[in-house]
Each structure stands twice: as C-alpha cells, then as structure tokens.
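Peer 1: quick one: sequence plus predicted model below, questions after.
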Amino acid sequence: MSQTAIWWLRRDLRLEDNQALQAALEAAETVIPVFILDPRLLHSSYASEVRSAFLFAGLQSLDESLQARGGRLILRQGDPLAELSRLRQEADAHAIYAEPDYSPFATRRDRQIEDALPVHWVGSSAIRPPGTVLRGDGAPYTIYTPFSKAWKALPEIQLPARRGQARPLNTPDNLASLPIPNAPALPAGVPFRAGEAAARERLEDFLSGMVYGYTSGRNQLDSQATSGLSPYLRFGMLAPQRAASEASRAIAQAPDSLARASAETWLNELIWRDFYIHILYHYPRVRRENFRLPHVRWRNNPEQFQAWCAGQTGYPVVDAAQRALAAEDWMHNRARMITASFLTKDLLIDWRWGERWFMQHLIDGDPAANNGGWQWTAGTGTDAAPYFRIFNPVSQGMKHDPRGEYVRRWIPELGAVPDEYIHEPWKMPSDLQHKIGVKIGQDYPAPLVDHAQARALALEAYKANG
DNA sequence: TTTTGAGTTGTTCGA
DNA sequence: GTCGAACAACTCAAA
C-alpha cells in the first residue's frame, strides 16, 4: 500500500457516507483532507456572503470532526490545479481522491486537473451521476416524467455499510494550512446550522415527522413541512444517496397509501434535483440561454426589478417571499415559484435577473436547481409547460397562506389587515384603511402592476415568440 | 419510420 | 359554489 493520499473536498463536506474519503482510506495509510478556496467562485457575481459563511462554518465543523479522528483539514486558497500540485509535492502524495461535481465550471476545472494529476473520481454529488439515466437510444432525457421512470427502474441506491470504529487519518503536522476564515456568524434569522451533525439531525426530524405529511404540507407557506435539507445537500453535508435511500425506506415502511404517496413525493423532489444536474451537464448552454422559446420579449424595467428585490411590489405574498429571503437567506419552494412567476410573467423581466438575485441570496443556491427552477417558471425550460400557466399572486396567497400568517410574519405593516383583505389589501375601503392605520400607497405600496392586465401582456409577449 | 399519447406545481370562464 | 373545458401548439419518448 502506498503511503499518502489527498482527499480533495468540494461538495461533499462530510465524513459519513463519503465514498471518496473511504477510497482514500483504503488506498493509503495517511490521508490529507484539503479544501481549496477558489477566488473565481468566491468573488463571482453569483456568490453570496451568507452562503460563503455557511461554507466556512461547515469547514470549521468538519475540521473538528477530523481532529477527533487524528486528522485535520488543510485549507488552501488559489487555483486548484496549482494548489493540488504543490500539496502533492509537499506531502509526497501518490494520488488524489475526490467526488465528481457536474456544473460546467466544475467540469472544465476537473478536466484540467485529471489531465495533469493522478485523480480518482469516486462517488457522485448527484444521487445518480449524469450519463447513467439515458433513453433507449442513449440520448439524455429532457422531460421529467420519463426521466424519473428510468431513474426509478435502475437498481436501488446502495450505500456502503457503516463501519464500526473509523480508522485514524494521520494527517501530518508539518503541512501549512490557512486558518478557516472566521465566518461572520450567520444572520440571526437564518434557520440553518452548518455541518453534518446538523444535517443528520434535520434528516431524522423530517423522517420521524413530516415525511408522511409532505404531500399536503409542503405547499403551506407558513408550515415547517418541507424537509429543509437543501443547504445540506448543496454542500454535501448530507449525502444525496443517503437521502434517497431513506426516502425509499420511508416508502417501503409507510403505514398507509397516503403516507406512501407523501414519501414518494419527497423522493420525486430528490429526483428533480438529479434531473436538473443532468440537464445542466448535458446542455450547459441553459446557463445563459433559454432551453426553448429563444425570443421572449422581456420588458426589463429596472425600477420594477428593484421593487421586486426589495419586497415592495404591493402584492403581499410576493413581497413576503422576498423579505423572507432577505431575512433567512432561504425561501419556501412554493414562494420561489410565486415570486419567480411574478417577476417573469407579471413584470416580464428576464429570468436571468431573478436567477442571479436568488444565487446572490439563497443559502442553498445551486446553479443546476436554480437555473432549472427559473426556466421552468419562465416557461422557457425543458418541460413543455404551457406558457399560459401564469400564477395569480392573490389566489396563490389565499390557497397556500389562507390565514395570511406568512404575509403577516414578513410584512409587519400589514399586521392589522383583516384576513379577507390580507392578499389584496388595496381593496380595503378607505375608511377601513383609516381605521386600522394602514394606508395603501403610503404604509404599504399599491400594486406595481395590475395582475389581470399584466397577465394579458405576458400572454401577448409569449405568443409573439417566433 | 410513423404514430400515438403525454407533459409537476395554473387560471379563467361559463354552464 | 362546483365543475369541466379551454387556454396552443409542440416536442418528446416510446411503441
């Protein structure tokens, strides 16, 4: 057995269920865990300070776990190829082990690295790697339903059995490491703690609770019925294969058909994550271009975009969503659809503007899922969703936030508005506005656009697409 | 090759 | 209030 291997961490910030780590341990006496901060990513126009802080806190937590096993995290900063080459010489390492990552940026970077260094790719940041779910003729799927059927027809996801006492890593003491950046504490409102222990805890909470109420609960804006696992999956603090195998187990053990349907819905959400990873991998152009409908006539009014960003559109559920994003750096999935539909359909603003805004703020911001979600909502995406599917921000609010709890939580100035007006406060008679002290246009904006009119304009703009 | 059925998440209108 | 149809046309996936 050779002596030393490098374990290069990227989007797999965990020790458990980590196939790359396991392979490194099997191949070498000494394992050097390294994370490389890449300035190109840290300072890109899609970066988010809070997401970086979450990353740093995750590295901190990982370093603590490593120290408990006789290792430590080596942190470097710079170009990964240069840093890995240097570290390999310093440590006299014979090989590098890493989990594949599939974004266009990562793919380019990793091709360069495998041309120059002895790197072994082990595991996958998708449950099933791109290229493993293909049509009969070998082409990639571009429609979710057949993709998911093929995905489910493949052999069940196998996780390596958990070992008893994990063996030490023996990371040498003489290797230089940057201090892990002192993550500014996550803002007080952010409801996520970094690290695999927190991920595991949330997974177990979800499995022992909401997984069987997921189908009905996940669309309620003010409920805690979603899994809340997205930030952990984003950074690999939870293995996606672990989530999938727990989903399968929940399906198998469901007490009744309703429960089974719920667990299946959750598994489908995980498969959607794979779907968009595969789409971005096979069609990297979607990062910049519409998947279909190449010529939507966007209006792109900058003042309206500002109002949308600030949660000042005058549509309570849209504004609540945006303000929740500002406060928690996370947004409920239903809220994402509502606010994205409003930006693209009601304001006719290019989905790329919203996509960037989300990436700059979402703690779980991921290029594949974010791009897929925006293009789906904009009607330009892979699925042949009809363009006339335009969300009505009032009826969406009434349906998914019937008591206005979500709205009142994030828009305190609407606190006194009665339920019947909470999603359309501009309809309050002026004496009521006066009585409760909420004057529309003064204490809270009047609607930025009239939805019925905006809808008609959107239908025109999309129909005009040649 | 051709044919056929289908496509996450919605809204509105009129019976 | 409830229900079904219309909203368009296209492309995908599989038989």
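Peer 2: That came through fine.
Peer 1: and A:A185, what is it in contact with?
Peer 2: Contacts for A:A185 (CB atoms under 8 Å, 6 or more residues apart in numbering) come out as A:A53. Where C-beta positions appear, they are placed from N, C-alpha and C, glycine not excepted.
Peer 1: next one: A:A254
Peer 2: Here A:A254 is in contact with A:212, A:260, A:262-263 (CB under 8 Å, 6+ apart).
Peer 1: if we go to 7 Å?
Peer 2: Contact analysis of A:A254 by CB atoms under 7 Å, 6 or more residues apart in numbering lists A:212, A:260, A:263.
Peer 1: which residue packs closest to the first one, ignoring adjacent ones?
Peer 2: With sequence-adjacent residues excluded and distances taken as CB to CB, 6 or more residues apart in numbering, A:Y212 is closest to A:A259, at 4.0 Å.
Peer 1: would you list the phi and psi of that neighbour?
Peer 2: phi -60, psi -40 (degrees, to the nearest 10).
Peer 1: distance check, A:N268 against DNA strand C.
Peer 2: For A:N268, the distance to DNA strand C equals 16 Å [CB to the nearest atom of the strand, to the nearest Å].
Peer 1: what do you get for A:V211?
Peer 2: Taking CB to the nearest atom of the strand, one finds A:V211 at 28 Å from DNA strand C.
Peer 1: just the element for the residue of the stretch 201-350 of chain A found nearest DNA strand B, please.
Peer 2: Nearest residue of the stretch 201-350 of chain A to DNA strand B (CB to the nearest atom of the strand) works out as A:W272 at 4.2 Å. Element membership for A:W272, per DSSP states H and E: helix A:257-282.
Peer 1: check which element follows that helix along the chain.
Peer 2: helix A:302-310.
Peer 1: so which bits of that next one are buried?
Peer 2: With burial defined by 16 or more other CB atoms under 10 Å, the residues of helix A:302-310 counted as buried are A:304-305, A:307-309.
Peer 1: still on that earlier bit, quick one, which of the contacts of A:A254 are buried?
Peer 2: A:212, A:260, A:263.
Peer 1: could these be laid out in CSV, adding pLDDT?
Peer 2: CSV is the format used below for the buried ones among the contacts of A:A254 (pLDDT from 0 to 100):
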residue, pLDDT
A:Y212, 95
A:R260, 94
A:A263, 96
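Peer 1: just to revisit the earlier point, okay if I get the contacts of A:A254 as CSV plus distance to A:S52?
Peer 2: Below are the contacts of A:A254 laid out as CSV (distance: CB to CB, whole Å):
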residue, distance to A:S52
A:Y212, 36
A:R260, 40
A:A263, 34
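Peer 1: what residue lies at the spatial centre of chain A?
Peer 2: Among the residues of chain A, the one closest to the centroid is A:D364, at 3.9 Å (CA atoms, centre = their mean).
Peer 1: count the neighbours of A:P140 for me.
Peer 2: Other residues near A:P140 come to 17 when the count uses other CB atoms under 10 Å.
Peer 1: repeat for A:A452
Peer 2: As a burial measure, A:A452 scores 9 neighbours (other CB under 10 Å).
Peer 1: where along the stretch 51-200 of chain A do the helices fall?
Peer 2: Here the stretch 51-200 of chain A has its helices, by DSSP state H, counting those that start in this stretch, at A:80-91, A:104-116, A:144-153, A:196-208.
Peer 1: export the ones you listed as TSV, with columns for distance to DNA strand B.
Peer 2: Listed next are the helices of the stretch 51-200 of chain A as TSV, based on distance: least, CB to the nearest atom of the strand, whole Å:
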stretch	distance to DNA strand B
helix A:80-91	32
helix A:104-116	21
helix A:144-153	3
helix A:196-208	17
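Peer 1: quick one: which of those helices is nearest DNA strand C?
Peer 2: Smallest distance to DNA strand C across the helices of the stretch 51-200 of chain A (CB to the nearest atom of the strand): 3.7 Å, for helix A:144-153.
Peer 1: can I get that closest one as CSV, trimmed to CA atoms?
Peer 2: The C-alpha atoms that make up helix A:144-153 are tabulated as CSV, following Å, rounded to 0.1, in the frame of the first residue of the first chain:
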residue,chain,number,x,y,z
TYR,A,144,-39.0,14.9,-16.1
THR,A,145,-41.6,12.1,-16.0
PRO,A,146,-39.8,9.7,-18.3
PHE,A,147,-36.5,10.6,-16.7
SER,A,148,-37.9,9.8,-13.3
LYS,A,149,-39.3,6.5,-14.5
ALA,A,150,-36.0,5.5,-15.9
TRP,A,151,-34.3,6.7,-12.7
LYS,A,152,-36.5,4.5,-10.6
ALA,A,153,-36.1,1.5,-12.8
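Peer 1: quick one: it to helix A:257-282, angle?
Peer 2: Angle of helix A:144-153 versus helix A:257-282, following axes from the mean of the first three to the mean of the last three CA atoms, to 10 degrees, is 100 degrees.
Peer 1: return the set of buried residues in helix A:144-153.
Peer 2: Buried, per 16+ other CB under 10 Å, within helix A:144-153: A:144, A:147-148, A:150-151.
Peer 1: for that helix, what is the average pLDDT?
Peer 2: The average pLDDT within helix A:144-153 is 96.
Peer 1: same check, this time on stretch A:82-100
Peer 2: 97.
Peer 1: what's the span of that stretch from first residue to last?
Peer 2: Using CA to CA, to the nearest Å, one end of stretch A:82-100 lies 19 Å from the other.
Peer 1: neighbouring contacts of it?
Peer 2: A:2, A:4-8, A:10-12, A:19-20, A:23-24, A:27, A:32, A:34, A:36, A:74, A:76, A:113, A:117-125, A:129, A:172, A:175.
Peer 1: need the buried ones from those selected in PyMOL.
Peer 2: In PyMOL, this line selects whichever of these come out buried by 16+ other CB under 10 Å:
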select buried, chain A and resi 4+5+6+7+8+10+11+12+19+20+23+24+27+32+34+36+74+76+113+117+119+121+122+123+124+125+129
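Peer 1: convert whichever strand or helix holds A:V31 to CSV, retaining C-alpha atoms only.
Peer 2: Assigned by DSSP H and E, A:V31 belongs to strand A:30-37. Taking C-alpha atoms only, strand A:30-37 is exported to CSV below (Å, rounded to 0.1, in the frame of the first residue of the first chain):
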residue,chain,number,x,y,z
THR,A,30,-2.2,8.7,5.6
VAL,A,31,-5.0,10.8,4.2
ILE,A,32,-4.7,14.6,3.8
PRO,A,33,-8.1,16.3,3.6
VAL,A,34,-7.9,19.5,1.6
PHE,A,35,-10.3,22.2,0.7
ILE,A,36,-9.3,24.8,-1.8
LEU,A,37,-10.9,28.2,-1.7
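Peer 1: tilt between it and helix A:80-91?
Peer 2: On the basis of the same axes, to 10 degrees, strand A:30-37 is oriented at 150 degrees to helix A:80-91.
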